[in-house]
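Chemist: next comes the sequence, and after it the predicted model I'd like to discuss.
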Amino acid sequence: MIEIFVTLLTATLFGLFAGLMPGIGSSALMLTSLPLLYVLPPELCILFYALGIQSSQFSGSVAAINFGMMGELTSYPALAERQYILKNNLQQTALRFTAIGSIMSCIVPIMCLYPLLEWFRQHSLIMRTDFTLLVMLIIIIFCIWYKTNSKLTNVFLLATGIVISQIGLRSQGSAEREFLTFDQPFMYGGIPMIAVLGGLIAVPLIMKYINWKETVSTEIPNVPEQKINFPIWSSVRGGLLGLFTGLLPAVGTQIGSNLAWKVEKFFYPDDNHVSVMSRLTSAESANNGSQITVLIPLLILGIAIVPSEMILLSVIETKAWMPGQSTWTLLGLNFYAWLMITLTVSSIICYIVCYTFIKVISGWIGKHLNNINKFCILIMAISVFYAGSLVEARTFFVSCFILLSFIGVLFKKIDFIPLVAGYFIGDILIDTIVILSFIYG
Amino acid sequence: MVDNLTKLIRRKQMKKLMSKVAITLAVLMGLTTTVYAKEKSISFYVGHGNGGISSAYQTTISQELTKKGWNVNFKIIGNCGQVKNLLETSNEPILAGWGADWNSVSTNVCYNPLKKAEFVTTFVVSPRLLCGPYNDLNFDLVKSNKYKIGVNQGQNHHVLLNALGKKLDVTFKVIEYKNSGSIKRAMQAKEIDAWYTTRGLVNHENKTQKCIYGTLDKDYSNIVALKKLLPTENVYASFVAYLMVNKNVQGDLKKQLDKDIISIVNSKAYQTALKSSGAFLNNNTLENQLELIESTAKAYKK
């Protein structure tokens, strides 16, 4: 029982903290939490992920509204509505609505999640290798059309990611063969995931925001709450949109809130209290809804579709976790029941913390942002060292992390998401092609 | 006054003496613990990947060794090549689990022929069984039919299955999957008609799946021993894993380690755990175990 509390509290607090920090995205949150994740059972790691990401999205939007910070792209709608909210003293109302929207859009998808997973499991088509290949192809298409880079760059990054994923010992015929290890035993395990994600994604992002401090305004006017009804249909619309966009590889969670915000603009195009609150609530609901459905490919097929989830997968795989085969229960309740309970409690904690302490916490973060970011990089480096020590390859892990961080910072204009996606799908993609060649060959 | 002063001096002297004794005792205890810990210290590296039967039992053995007073630095490296390198280059005493199939060909990066002096014991022997789909207790191979069989990749199972197919007049299309978990999912998805893996014995005994052939010594629970049907060496392709040490484990340390590990793998709890996963251990002599490992290594050759 104690482990559930530890997971709930640490994930919520870490998530809240990460959301308030510009630059600490979901991937950095998961990377800095690795030492804790290594000691938790796989199901609690998944809970930690869901709670941490949900809390970070919540506090990220609060920070965007109140201080104009944008930690992740999901906070864009909140940032866009900020001026009107501040001008009309709607902060408290916005906080309350985003909290209710978050809770609603967590509970509804989870209630759908369990029957949905059961349905998927009973439909053998989903478990087939052909279907896995289809998912892989969708991921590849999304990576190639990933908006930040040119298509050619994305193809190059994706291919590089797939090649990097193949470095190490590979099963071939009756033997294990080396691929690009140059006879170096420390490379037999391949290029470590933690170094790839930390170096190419997390460190450059933190470096980008390391001096954000100067532009952060920590002033919050103490204003009375405005009397507006909660826009329930906007929340439902947003939640449902998030539910579907969450399934889109690599970008699902990012575009969910933006898409819901744009759709809601169609229903509420004006700039008045009700319209602004409806758009914001819809965006927030979509944001949280997508964080739940992003778990579906992971729980059914063992495929992670966003970078932060890839970190989660790499940890739970070391704990012998297999998709769809968990029988974990606690106090007679299964994983999904605990997911629903903890997400609800976590949302309430987020609301209370943001409502009560947001000014103090944000003020402190604003003052110490630079040092906190440096501290986060240090924790990440320690996590890399720790992960390396688990397989007796400390020097190699740390060297990879430093080298890839250097590349990440040097080429900061390039978004390395397609490379990371290629790295993560590389093994599954090649296995899938081999299996299908056996089946249809 | 003088008495009091004398008492005070004596008390101070006693205090000094007591603290000296305490420090000496603490140092002695520390030294003893260090020496004892050094005597029973070992690094235990797992070359098999996470999630498999081998790493699960090695984890159990490491926990039991700790209970027996060993200071175990247990790590699942998940890479036999790296463990082989550590075994060869480290100056520390190392215990490692090894798969007999890794020694099938000398070109394998993980090829590490067993030396008797470095051998400890086999810790899991799991027969490979040809089993039908879940809940189909009438499963059988029908002459001249074609079957898709799921097997673990990179172990040349197609050699045996093709020979068996010829013998039974059926055609097997062998499909190689990454691990037993993937094969299980393929079976659930009805992508394959049968599997040839180390899973299934428990299901067979619980009557939720029917297994018909296996790499067994003799027929068992209506499962036909493949060696009765085929002359090929591949009929010994069970999963056999054993524990071995590096050159730094010798003399009393090796004797103590052998004694403790053998008592662990022979314990009722360990044997029950093995049985629950469809594996077992033969109470073979050292020579028989070495023979089993060698014949298993040959069984994975083309």
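Modeler: Happy to help now that I have it. Numbering: from 1, shown residues only, chains lettered A, B, ... in the order given.

Chemist: all the strands of the stretch 301-441 of chain A, residue numbers only.
Modeler: A:329-330, A:333-334 (DSSP state E, counting those that start in this stretch).

Chemist: want to try a markdown table for those strands, with mean neighbour count as columns?
Modeler: C-beta here means a position set from N, CA and C on the backbone, and glycine is covered the same way. Below are these laid out as a markdown table (neighbours: other C-beta atoms under 10 Å in any protein chain shown):
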| stretch | mean neighbour count |
| --- | --- |
| strand A:329-330 | 14 |
| strand A:333-334 | 14 |
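
Chemist: dump those into JSON lines; add mean pLDDT as well.
Modeler: Shown next, in JSON lines, are those (pLDDT from 0 to 100):
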{"stretch": "strand A:329-330", "mean pLDDT": "78"}
{"stretch": "strand A:333-334", "mean pLDDT": "80"}
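
Chemist: redo the ones you listed as a markdown table? Include distance to chain B.
Modeler: Converted to a markdown table, the strands of the stretch 301-441 of chain A look like this (distance: least, C-beta to the nearest C-beta, whole Å):
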| stretch | distance to chain B |
| --- | --- |
| strand A:329-330 | 19 |
| strand A:333-334 | 20 |
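
Chemist: quick check: which ranges of the chain have low pLDDT?
Modeler: If you meant another chain, say so; for now it's chain A. Applying pLDDT under 70 to chain A picks out residues A:22-24, A:66-73, A:114, A:120-124, A:172-175, A:210-226, A:249-254, A:320, A:324-326.

Chemist: let's do chain B instead
Modeler: Ranges of chain B meeting pLDDT under 70: B:1-38, B:51, B:282-283, B:302.

Chemist: break it into its domains for me.
Modeler: The record's domain parsing of chain B by automatic domain parsing lists B:40-125+B:239-299, B:129-236.

Chemist: which residue is the nearest non-sequential neighbour of the residue in the stretch 1-150 of chain A that chain B sits nearest to?
Modeler: Residue nearest to chain B within the stretch 1-150 of chain A (C-beta to the nearest C-beta): A:Met127, separated by 3.5 Å. Nearest residue to A:Met127, sequence neighbours excluded (C-beta to C-beta, 6 or more residues apart in numbering or on different chains): B:Ala189, at 3.5 Å.

Chemist: next one: the one you found from A:Ile433, what distance?
Modeler: In this view, B:Ala189 and A:Ile433 are 17 Å apart by C-beta to C-beta, to the nearest Å.

Chemist: now the domains of chain B as CSV including distance to A:Met187?
Modeler: Converted to CSV, these look like this (distance: least, C-beta to C-beta, whole Å):
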stretch, distance to A:Met187
domain B:40-125+B:239-299, 9
domain B:129-236, 19
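
Chemist: pretty sure B:Asn248 sits in a strand.
Modeler: No - read with DSSP: H, G, I helix; E, B strand; the rest coil, B:Asn248 is coil and lies in no strand.

Chemist: what's the closest non-adjacent residue to it?
Modeler: Counting by C-beta to C-beta, 6+ apart, B:Pro93 is the residue found nearest to B:Asn248 once chain neighbours are left out, at 4.3 Å.

Chemist: from B:Lys247, how far off is that neighbour?
Modeler: Distance of B:Pro93 to B:Lys247, given as C-beta to C-beta: 9 Å.

Chemist: more neighbours: those two, which one.
Modeler: Taking other C-beta atoms under 10 Å in any protein chain shown, B:Pro93 and B:Lys247 do not tie; B:Pro93 has more neighbours (21 against 14).

Chemist: quick one, what contacts that one?
Modeler: Counting by C-beta atoms under 8 Å, 6 or more residues apart in numbering or on different chains, B:Pro93 touches B:41-43, B:245-246, B:248-249, B:253.

Chemist: hmm, 10 Å instead?
Modeler: The contact partners of B:Pro93, taken as C-beta atoms under 10 Å, 6 or more residues apart in numbering or on different chains, are B:38, B:40-44, B:73, B:245-250, B:253-254, B:257.

Chemist: which element follows the helix or strand hosting A:Met30 toward the C-terminus?
Modeler: Here A:Met30 sits within helix A:26-32, counting by DSSP states H and E. Note on helix A:26-32: by DSSP H and E, the next helix or strand toward the C-terminus is helix A:34-37.

Chemist: and that next one, anywhere near chain B?
Modeler: No - judged by C-beta under 10 Å from any C-beta of the partner chain, helix A:34-37 makes no contact with chain B; its nearest approach is 14.4 Å.
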